[in-house]
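Student: Structure for the following, please:
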Amino acid sequence: MSRITEVSPTELRGAKTPSRPGIILRISALLLLGGATAALCLFSPSPNTAPLAGVIMDLPEKIGVFTGKVIAATPGELAILPTDTQIVRREYTDPGGDRIMASIVLSGGEKRSIHRPEVCLPAQGWSMRGGKIERVALADGSDLDVMNLSLVRQVEVGPGDRRNLYAHYFYWFVGKNVTTPNHWRRVFLTSYDRITKNLNHRWAYVIVMSIVTEGFVSGGKNEPQTVQMLKEFTAQIAPTFMRKETVSTAD
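Tutor: Predicted structure coming up:
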């Protein structure tokens, strides 16, 4: 905290009073600066809303051996998010019992629809062990960088028997012709493209998630196997809803 310096009455009497022309000059400079700022605000073009989002709001029913059922948005999500937010979600299962949840949240006019998952996951009982960027070779021949969050929470599997349940949570953001796994990169692109391209991104937030089943079901997958499953699933599902002109950036 900055400290306010006290000035004695003697020092005030000895201080030189600015001349009237000097005061007028300062006031004129402030008015000129204020007028210039107002003019820039009035005459700068408003950012154009992107005519198309970078995603198609539809998840396929089948991806490889996985079949997905539609999961509706929760009442809590509908109550918190702006009314023009769009959400699509499916839970996919395969014949072996593996489950993957995939979700797309598309922002509307307000930007608070999109946020870092690191903010909301702890409220759902998950603790984060770390995150790393994974590069996924998509089925259409392009590459996609996603953030892989490693999660853990305790679950009770029986009376007095509590165990750690692990999960891997892939996410990335999709804008107009661009995608990034980095929240701060998304924030930078939002401001930079507004200024340099007069473009207002309509960001989508994509999630692909699965729990680690080793130790919970017979023949369950360990962590490396779960991550590999998610990468293979993402490679197939991402091209179905991401527009082809979208470019991935991890920086």
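Student: Now do the closest residue to Gly220 other than its chain neighbours: how many residues are near it, please.
Tutor: Excluding the flanking residues, the one nearest Gly220 by Cβ to Cβ, 6 or more residues apart in numbering is Thr213, at 3.1 Å. C-betas here are computed from N, CA, C, even on glycine. Neighbourhood size, Thr213 [other Cβ atoms under 10 Å]: 20.
Student: Backbone dihedrals for Thr213, please?
Tutor: Backbone geometry at Thr213, expressed as degrees, to the nearest 10, gives phi -90, psi -10.
Student: Kindly report the same for Gly64.
Tutor: Given degrees, to the nearest 10, the pair of backbone angles that Gly64 has is phi 60, psi -120.
Student: Could you pull up the residues touching the residue nearest to Gly220?
Tutor: Gly97, Asp98, Gly220, Lys221, Thr226 (Cβ atoms under 8 Å, 6 or more residues apart in numbering).
Student: likewise Gly96?
Tutor: Here Gly96 is in contact with Gly219 (Cβ under 8 Å, 6+ apart).
Student: where does it land in three-state SS?
Tutor: Three-state assignment for Gly96 (DSSP: H, G, I helix; E, B strand; the rest coil): coil.
Student: and it, what pLDDT?
Tutor: What the model reports as pLDDT for Gly96 is 90.
Student: Can you tell me how far it is from Cys120?
Tutor: Distance of Gly96 to Cys120, given as Cβ to Cβ, to the nearest Å: 30 Å.
Student: Please report how far the residue nearest to Gly220 lies from Phe241.
Tutor: Thr213 is 26 Å from Phe241, by Cβ to Cβ.
Student: same question, Val208
Tutor: On the measure of Cβ to Cβ, Val208 and Phe241 end up 11 Å apart.
Student: Those two: which is more packed in?
Tutor: Neighbour tally, Val208 and Phe241, criterion other Cβ under 10 Å: the higher count belongs to Val208, 23 against 19.
Student: which residues sit against the stretch of helix or strand that one belongs to?
Tutor: Element membership for Val208 (DSSP states H and E) is strand 204-211. Contact partners of strand 204-211, identified using Cβ under 8 Å, 6+ apart, comprise 53-55, 98-107, 113-115, 117, 146, 165-175, 226, 229-230, 233-234, 237-238.
Student: which among these end up buried?
Tutor: 53-55, 98, 100-107, 113-114, 117, 146, 165-175, 226, 229-230, 233-234, 237-238 (16 or more other Cβ atoms under 10 Å).
Student: partner strands of the strand holding Val208, parallel or antiparallel?
Tutor: Its sheet considered, strand 204-211 pairs with strand 99-106 (antiparallel), strand 161-174 (antiparallel) by DSSP bridges.
Student: Let me have those in a markdown table, extended by mean pLDDT and distance to Asn200.
Tutor: As requested, these are exported to a markdown table (pLDDT from 0 to 100; distance: least, Cβ to Cβ, whole Å):
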| stretch | mean pLDDT | distance to Asn200 |
| --- | --- | --- |
| strand 99-106 | 95 | 14 |
| strand 161-174 | 94 | 15 |
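Student: do you know which of those lies nearest Arg194?
Tutor: Closest to Arg194 of the strands paired with strand 204-211 is strand 161-174 (Cβ to Cβ; 15.9 Å).
Student: Report the mean per-residue pLDDT for the next helix or strand after that closest one.
Tutor: On the C-terminal side of strand 161-174, the nearest following helix or strand under DSSP H and E is strand 178-180. Mean pLDDT, taken over the full extent of strand 178-180, equals 89.
Student: Now do strand 178-180: distance to the chain's middle.
Tutor: The chain centre lies 11 Å from the centre of strand 178-180; the measure is Cα atoms, centre = their mean, to the nearest Å.
Student: Also stretch 82-93?
Tutor: Distance, centroid of stretch 82-93 to centroid of chain: 15 Å (Cα atoms, centre = their mean).
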